[in-house]
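Undergrad: what's the 3D shape of this:
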Amino acid sequence: EVRLVESGGGMVQPGGSLRLSCAASGFTFRNYDMAWVRQAPGKGPERVSKINRGGYATYYAESVEGRFTISRDNARNTLYLQMISLKPEDTALYFCARSIPDNNGEDYWGQGAQVTVSS
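TA: Predicted structure coming up:
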């Protein structure tokens, strides 16, 4: 059974930082590209970042470029998202997701980690 479990969410003030982690199990983690997808209240999902299997190729949405850093530890089956200079518009539920091979989509998501940026 594929399992993705996020942790590290919380509430921070604007300008603050958080690091999300995602523990993966039930599949061969190192064989899959992985992504972080967020959904803000009343909005559709937004893929904010993606990383390839080897961890050397990354993608960022324009809205987070320069502020978020995605990384992975294939030995620990863990995906990370370091977020700095957080803005109120970053408030959302953040999901760790497994990418579908050769497809611009995801097939499994975790339960989500809430990130709230507010003063």
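Undergrad: the residue minimising distance to the centre of the chain: which element?
TA: With distances taken as C-alpha atoms, centre = their mean, the residue of the chain nearest its centroid is residue 36 (2.6 Å). For residue 36, the host element (DSSP states H and E) is strand 34-39.
Undergrad: which of the residues in that strand are buried?
TA: Neighbour-count burial for strand 34-39 flags 34-38 (criterion: 16 or more other C-beta atoms under 10 Å). (Each C-beta comes from the backbone N, C-alpha and C, glycine too.)
Undergrad: would a markdown table of those with pLDDT and distance to residue 114 be doable?
TA: A markdown table is the format used below for these (pLDDT from 0 to 100; distance: C-beta to C-beta, whole Å):
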| residue | pLDDT | distance to residue 114 |
| --- | --- | --- |
| 34 | 98 | 20 |
| 35 | 98 | 18 |
| 36 | 98 | 14 |
| 37 | 98 | 14 |
| 38 | 98 | 10 |
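Undergrad: out of these, which is nearest to residue 98?
TA: Nearest to residue 98 out of those is residue 34 (C-beta to C-beta; 6.2 Å).
Undergrad: the closest one reaches residue 96, doesn't it?
TA: Yes: assessed by C-beta atoms under 8 Å, residue 34 is found in contact with residue 96 at 7.0 Å.
Undergrad: shared neighbours, these two?
TA: Counting by C-beta atoms under 8 Å, 6 or more residues apart in numbering, the contacts common to residue 34 and residue 96 are 22, 24, 79.
Undergrad: bridged to the second one, which residues?
TA: Read that as residue 24. On the basis of DSSP bridges, residue 24 is bridged to residue 4.
Undergrad: the strands in this structure, which residues?
TA: 3-7, 10-12, 18-25, 34-39, 46-51, 58-60, 68-73, 78-83, 92-99, 106-109, 113-117 (DSSP state E).
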